[in-house]
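# Provided below for reference: sequence and predicted model.
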Amino acid sequence: MAFPVRLMLLSSICPLLFFSALFLCGLISLGLYLLFFFSTVSICCCLLAFSLRHEQRPATLLVHTSSVNTNTDAIPSSSSSSSSSSLSSSPSSGKFTFDVFLSFRGTDTRKNFTDHLYAALKLKGISTFRDDEELERGESIGPNLLKAIQESRYVIAVFSRNYADSAWCLDEIAKVADCMKAMGQKVLPVFYDVDPNEVRRQTGDHFGKAFEKHKRRYKAEPDKVKRWKNALFQVGNLSGWHLQDGYESKVIQEIVEKVFTELNKIISTSEGLVGMDSHLNEVFSYLDIGCLDVRIIGICGMGGIGKTTIAQVVFERLKAQFEGDSFLENVKQETENKQGSTVHFQEKLLLNLLNSNVNVQNTKMGKDIIKHRLSTKRVLIVLDDVDQDKQLETLCDRTWFGPGSRIIITSRDEHLISAFGADKVYKVNALTDPEALELFSLKAFKEEEVEEDFLKLSKEFLKYANGLPLAIEVLGSSLRGRSVKLWSSALNRLKKNPQKRIIDVLKVSFDGLEETEKKTFLDIACFFKGENKDRVIRILNGCDDDGVEMNVHVLMDKSLVTLFGTKLWMHDLIQEMGWEVVLLECLEEPGKRSRLWLPKEIIRVLDRSKATSAVQSIYLQCPIGYDVVHSIDNAFSNMDRLRLLKIFNVKFSGNIRYLSNELQYLEWHECPLDSFPSDFQPEKLVEVHMCFSRIKQLWRGKKGWSMLLHIDLSGSQYLMSTPDFTEVPDLEKLVLQDCASLVEIHPSLGFLKKLIYLNMRNCKSIESIPPFTALQSLQKLRLSFCSGLKKFPEIEGNMKRLLELYLDGTGIEELPPSIERLTGVTMLNLTGCKNLLHLPNTIGCLTSLKSLYLTGCSKIDKIPENLNGMKLLEFVALIPLLEFGAEALGVVG
């Protein structure tokens, strides 16, 4: 603060000198000069007073709240000017030798309160200085004692009746007051059988009389007595404990809990735990320590995300507030090592919470002992890496523990925790980009200054790790101290061969899956990542219904798959783990693996017809501009188990003689086939996407396509007719956009009761469409730019669900009166219908219509009068009309 005050004083004096010069030169009057002179002097005086007041401000005081019984009171700060501070902030400087320094009067408390307090602190591993144990006899006590005070994080001052009689004790407390002011040392006062006001004001039978003696004895050293009095006033004003006719054990327990908890905060947060604060805030809010119920919370997330680390930090910070604590690590692995038994965990739990060995014969016996021995005890328990409900049932039923107990469970399986009855589950997210960079820097660099080349490569490694703490730590540590050249080499190797240590951790979750769950996981990792969840489930279910929906939910519960909006997503490293599983099926021959996704390998397999019956999915997408044409005649001959096929941005020639009847999904852009093999009967096929293909007709006769829900033949220039749609009664989407040669629409189209979306945009050769007899589910119909279409099909059935009708750019001359059945339509687009002569009177029945586009309908000379009665109509795009104005409609054009 001193520097800014001096700067402001200088800023005030400089203008004064300037105005003095002006006055001497006769450029300003005496009155103006005096006004400015006294104003400047006043400002300087105020600044000096403010500076002096700041320098003399008293030390920060600690506010403490206590919950001991009525005989033991928590003492609030008596000074209204005192501010509160937390123990969590460590002193600004100095190397600490001790955690706690005990200041006490030996004749009063050495063998009772102070001794018990000292033992309790030592039991918690708190390094504590007590002068009669730490200093050897005969050693000069003064300098060493002062040094011990200065090198302690906290001081516990036990003020007793005869404390002030001792000049030694008063010198101690004076030094403590100095350290409190100079380095922010934390002081906890205990008023042991003495009134706090006696200590603060040095009055009464004990402190008052003692200082009367000191005044006489140190008459020649008044500053010494004054220093003692100031120190007692400062420390006595801090919040602490007043112990008088109360239970010493409760006060000791509370003091130890407070020091232990705050020490853990300092220690834990100094270990480079990046991003920990946000996790802790959330978990602490879930735990709600002040509530007396028994609370269970879960911490879940993918492997390597930091669940155990978070649980460890929470445990260390909170355990001092409980009567017992136990952290059971690696429950999954240890249970497997013991052939599924949790008896040893029950024994360990009892040992940790009761400080005694208990011989447990079986899990039932263990449960009974835990319930009876711990039902009144307030405990903190952490079960780390749980994967079975049996583990939870034998270790942590909430009815077994005393009020206020807290149980923390970490697991990769969110459903497991929720089903057990956890009050809340905290899902751990990946590190943010700044947090990831901070953690990587801690692990990878020895110095703060980093060369630009290293920073560029760091971003590539972080992109690979994608916020996963385990991956960041492993990669950073492996690169530490290495050259830029080796970093580049490691990055290139990483793209081909992922780090085994990372993959092994992630693979634990995969190994614990059922076979059908593994199958679904690999399908998503190798084919469906980023696709809509419900759509993927429908495709994979096929006609067998393998329980794919349940599999997906299990994968989500185990944090192997997540939802990004409605899309299935997974961490890049989890996807790599899935790829690694498939690669290990056969390292040398890709054609013998279950799933193929690497373009070079797939093209090599197809070119050489090396695929085997093992192949279940192919995802082939080459970069845009890849113009090499490959032969494909016999490529699929051996793939009788192929279920999923996607080919994009690759050109093939030849004719396929065989395609698997197991196909559930088929997407092939620019497919060279003009028809499917004659024996192709895909009874499980759910979606067909063959944009820009050479297909002339999708199928003829009955081919068993009954599961088909989606057909997309956009841009198939050779398609001349549609198939008989009675083969696909459940079809929901039909896209025939830009099929320029399409001339024939099978009459069965009008009977597709489940059809939701029909797009025939820019099918210029179509002249007629069969009647819409039963399109009761249709919601959107696009016939835009079907310039050959002269007549809109008759509407013979219920089409109340149709919301949007696009007829813009068509050759339609009139709309049929049956258009009145479209009572649900909200948007009708007739833009550019140059041949449309008029609108039918029944258009007034479109009571849901909000938008009507008539721009470019040059032959319309009259609009039905009942259009004015359409109350929901908000927008009409019109051409200039002769017989009426737009205002006649009550809308704005």
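Sure, I can see it.

# residues near the closest residue to Asn357 other than its chain neighbours, how many?
Leaving aside its chain neighbours, Asn357 sits nearest to Leu351 (5.8 Å; criterion: CB to CB, 6 or more residues apart in numbering). The C-beta positions use only the backbone N, C-alpha and C, and glycine is treated the same way. Look at Leu351: counted by other CB atoms under 10 Å, it has 13 neighbours.

# got it, and Ser483?
Neighbours of Ser483 using other CB under 10 Å come to 11.

# How about the one 3 residues further on?
Counted with other CB under 10 Å, the neighbours of Leu486 add up to 12.

# on that earlier part again, touching, the residue nearest to Asn357 and Val358? I think so.
Yes - taking CB atoms under 8 Å as the definition, Leu351 is a contact partner of Val358 at 6.9 Å.

# Stretch 647-662: how far from the chain's middle?
On the basis of CA atoms, centre = their mean, to the nearest Å, stretch 647-662 sits 42 Å off its chain's mean C-alpha point.

# and if you look at stretch 198-211?
Distance, centroid of stretch 198-211 to centroid of chain: 58 Å (CA atoms, centre = their mean).

# same question, stretch 474-491
Per CA atoms, centre = their mean, the centroid offset for stretch 474-491 relative to its chain is 28 Å.

# Give the next helix or strand downstream of the least confident helix or strand in the chain by mean pLDDT.
Lowest mean confidence among the helices and strands of the chain (mean pLDDT, DSSP states H and E): strand 72-75, at a mean of 39. Next along the chain after strand 72-75, taking DSSP states H and E as the criterion, comes strand 98-103.

# Name every strand pairing with that following strand and say which way it goes.
Its sheet considered, strand 98-103 pairs with strand 128-129 (parallel), strand 152-159 (parallel) by DSSP bridges.

# circling back: what's the pLDDT at the residue nearest to Asn357?
Note on Leu351: pLDDT of 93.

# and it, what helix or strand is that in?
helix 343-354.

# which helices and strands does that helix pack with?
Helix 343-354 is packed against strand 324-328, helix 331-337, helix 363-374, strand 379-383, with contacts defined by 3 or more CB pairs under 8 Å, 6 or more residues apart in numbering; DSSP states H and E.

# Tell me which of the ones you listed is the most buried.
Of all these, strand 379-383 has the most neighbours on average by mean count of other CB atoms under 10 Å, namely a mean of 24.

# how far does it sit from the chain's center?
The answer for strand 379-383 is 24 Å, by CA atoms, centre = their mean.

# now do stretch 636-655
In terms of CA atoms, centre = their mean, the centre of stretch 636-655 is found 39 Å from the chain centre.

# which one of the strands paired with strand 98-103 is the most hemmed in?
Across those, averaging neighbours per residue (mean count of other CB under 10 Å) puts strand 152-159 on top, at a mean of 25.

# could you give the mean pLDDT of that strand?
Strand 152-159 comes out at a mean pLDDT of 92.

# For Asp674, give its distance to Arg700.
Distance, Asp674 to Arg700, by CB to CB, to the nearest Å: 12 Å.

# ignore the last one, Val450
For Val450 relative to Arg700 (CB to CB), the value is 68 Å.

# How about Leu374?
Leu374 is 75 Å from Arg700, by CB to CB.

# With Phe454 instead?
Taking CB to CB, one finds Phe454 at 64 Å from Arg700.

# So for those two, which residue has more residues nearby?
For Phe454 versus Arg700, neighbours defined as other CB under 10 Å are more numerous around Phe454 (16 against 12).

# thought that one was touching Phe445?
Yes - using CB under 8 Å, Phe454 is in contact with Phe445, at 7.3 Å.

# Enumerate every residue touching the residue nearest the centre of the chain.
The chain has Asn429 as the residue nearest its centroid, 2.8 Å off, counting by CA atoms, centre = their mean. The contact partners of Asn429, by CB atoms under 8 Å, 6 or more residues apart in numbering, come to Gly301, Ile305, Gly467.

# Quick check: which of those has the minimum pLDDT.
Minimum confidence in these sits at Gly467, scoring 89.

# Pretty sure that one sits in a strand.
No - according to DSSP: H, G, I helix; E, B strand; the rest coil, the state of Gly467 is coil, so it is not within a strand.

# Run through the residues that contact it.
Going by CB under 8 Å, 6+ apart, the list of residues near Gly467 reads Asn429, Ala430, Leu431, Thr432, Asp433, Glu435, Ala436.

# let's see 7 Å
Ala430, Leu431, Ala436 (CB atoms under 7 Å, 6 or more residues apart in numbering).

# which one of the residues you listed sits closest to Glu804?
Distance to Glu804, by CB to CB, is smallest for Ala430 among the contacts of Gly467, at 40.0 Å.

# how close does the nearest residue to the closest one once chain neighbours are set aside sit to Leu506?
Among residues not flanking Ala430 along the chain, Gly467 sits closest, at 2.9 Å (CB to CB, 6+ apart). Applying CB to CB, the value for Gly467 to Leu506 is 14 Å.

# and what of His710?
To Leu506, His710 is 33 Å away according to CB to CB.

# quick one: which of these two has more around it?
Each of His710 and Leu506 has its neighbours counted (other CB under 10 Å); Leu506 has more, 26 against 21.

# For that one, give me phi and psi.
phi -70, psi -30 (degrees, to the nearest 10).

# just the one 5 residues further on next, same as before
Backbone torsions for Asp511, taken as degrees, to the nearest 10, come to phi -60, psi -20.

# Roughly how far does it sit from Glu336?
Taking CB to CB, one finds Asp511 at 11 Å from Glu336.

# for Val343, same thing?
Separation of Val343 from Glu336 (CB to CB): 14 Å.

# May I have the distance across stretch 659-671, first residue to last?
13 Å (CA to CA, to the nearest Å).

# what about the strands in the stretch 751-893 of the chain?
757-759, 780-782, 804-806, 827-829, 851-853, 875-877 (DSSP state E, counting those that start in this stretch).

# contacts for the third one?
Judged by CB under 7 Å, 6+ apart, the contacts made with strand 804-806 from elsewhere in the structure are Lys780, Leu781, Arg782, Leu783, Ser784, Leu822, Val825, Thr826, Met827, Leu828, Asn829.

# Tell me the strands beside it, with direction?
strand 780-782 (parallel), strand 827-829 (parallel).

# Of those, which is nearest Leu852?
With CB to CB as the measure, strand 827-829 is the member of the strands paired with strand 804-806 nearest Leu852 (5.4 Å).

# ok now that closest one, how far from the chain's centre?
43 Å.

# again with stretch 106-116
The answer for stretch 106-116 is 51 Å, by CA atoms, centre = their mean.

# Can you list the buried residues in that stretch?
Gly106, Asp108, Thr109, Arg110, Phe113, Thr114 (16 or more other CB atoms under 10 Å).

# Stretch 114-126 too?
So, applying 16+ other CB under 10 Å, buried residues of stretch 114-126: Thr114, Leu117, Tyr118, Ala120, Leu121, Ile126.

# out of these, who's nearest Ala177?
Thr114 (20.2 Å).

# right, and the secondary structure at the closest one would be what?
Per three-state DSSP, Thr114 ends up helix.

# Distance of it relative to Glu254?
16 Å.

# Could you do Leu117 as well?
Leu117 is 11 Å from Glu254, by CB to CB.

# Appreciated, that's everything.
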